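Student: Provide a 3D model corresponding to the input given below.
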Amino acid sequence: MNILFAMVFFHLYSSFLFYTMKKDKILDDTYFMKQALEEAQKALQTGEIPIGAVITCNNTIVARSFNQVETLHDPTAHAEILAITAATHHLGGKFLDRCTLYVTVEPCPMCAGALFWARIGCVVFGARDEKRGYLRYHPEIMHPRTKIKRGILENEAINLLDSFFKTKRKHDNNQPE
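Tutor: From the prediction side, this is the model:
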């Protein structure tokens, strides 16, 4: 009986490890936030405000995006909105209640409203946006069932933003008037 229990336990434990690991990486909030930071880096390279997002379902990335407001000449082309659109298309439905959004910066009220309508299961963000974040203007805008986690790789997200704005200010100050 003990051997049978040990075999079942080993099978369940090894299945769990396989489920939560990919190429020797544990698929946790830090791993997925690093993926969002990679998306933010793409935004930085294209001259966009460096905000990146990924949406996961069952520990699998189903959507990736980064800010493309300037590129698309579209004020709604935020990383979160583009990720929601990609995820709903990929999953074939408008609700994302079993999904988690990882975004490098706190969503703005527009994105938080879209996340409400998508019924996102969980939002994980890195850095707060004290000036334009949803928590400043409408903290209860998220769906009541949506879980919120914040501060994951916060310093890395802040460093990307600081780098972008320092470069932008330097460039703006060197422009002839």
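Student: Look up how far residue 144 lies from residue 58.
Tutor: With distances taken as CB to CB, to the nearest Å, residue 58 is found 23 Å from residue 144. Quick note: C-beta positions are derived from backbone N, CA and C, even for glycine.
Student: out of the two, which sits in the busier spot?
Tutor: In this comparison of residue 58 against residue 144, neighbours counted by other CB atoms under 10 Å, the higher total goes to residue 58 at 10 against 7.
Student: What does the closest residue to the more buried one other than its chain neighbours show for phi and psi?
Tutor: Leaving aside its sequence neighbours, residue 58 sits nearest to residue 98 (CB to CB, 6 or more residues apart in numbering; 7.3 Å). The phi and psi values for residue 98, taken as degrees, to the nearest 10, are phi -100, psi 10.
Student: and what of the one 4 residues further on?
Tutor: Main-chain torsions, residue 102, degrees, to the nearest 10: phi -110, psi 120.
Student: What of the one 4 residues further on?
Tutor: Backbone torsions of residue 106, given as degrees, to the nearest 10, read phi -50, psi 130.
Student: Report pLDDT for it.
Tutor: At residue 106, the pLDDT value in this model is 97.
Student: Same check on residue 171?
Tutor: In this prediction, residue 171 carries a pLDDT score of 70.
Student: What is the burial count for it?
Tutor: Around residue 171 sit 10 other residues, with neighbours defined as other CB under 10 Å.
Student: Tell me if I am right that it is in a helix.
Tutor: Yes - per DSSP: H, G, I helix; E, B strand; the rest coil, residue 171 lies within a helix segment.
Student: Please report how far it lies from residue 129.
Tutor: Taking CB to CB as the measure, residue 171 falls 22 Å from residue 129.
Student: before we move on, what about residue 111?
Tutor: Counting by CB to CB - residue 111 and residue 129 are separated by 10 Å.
Student: quick one: which of those two has more around it?
Tutor: Between residue 111 and residue 129, residue 111 has the larger neighbour count (other CB under 10 Å), namely 26 against 16.
Student: sec struct for residue 124, please.
Tutor: The three-state label for residue 124, taken from three-state DSSP, comes out as strand.
Student: Enumerate every residue touching the residue nearest to residue 58.
Tutor: For residue 98, the contact set (CB atoms under 8 Å, 6 or more residues apart in numbering) comprises 57-58, 121.
Student: Mind checking which of those are in helices?
Tutor: The helices in this structure, assigned by DSSP state H, contain none of these.
Student: Could you dump these into JSON lines with distance to residue 80 added?
Tutor: Written out in JSON lines, the entries for the contacts of residue 98 read as follows (distance: CB to CB, whole Å):
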{"residue": "57", "distance to residue 80": "16"}
{"residue": "58", "distance to residue 80": "20"}
{"residue": "121", "distance to residue 80": "14"}
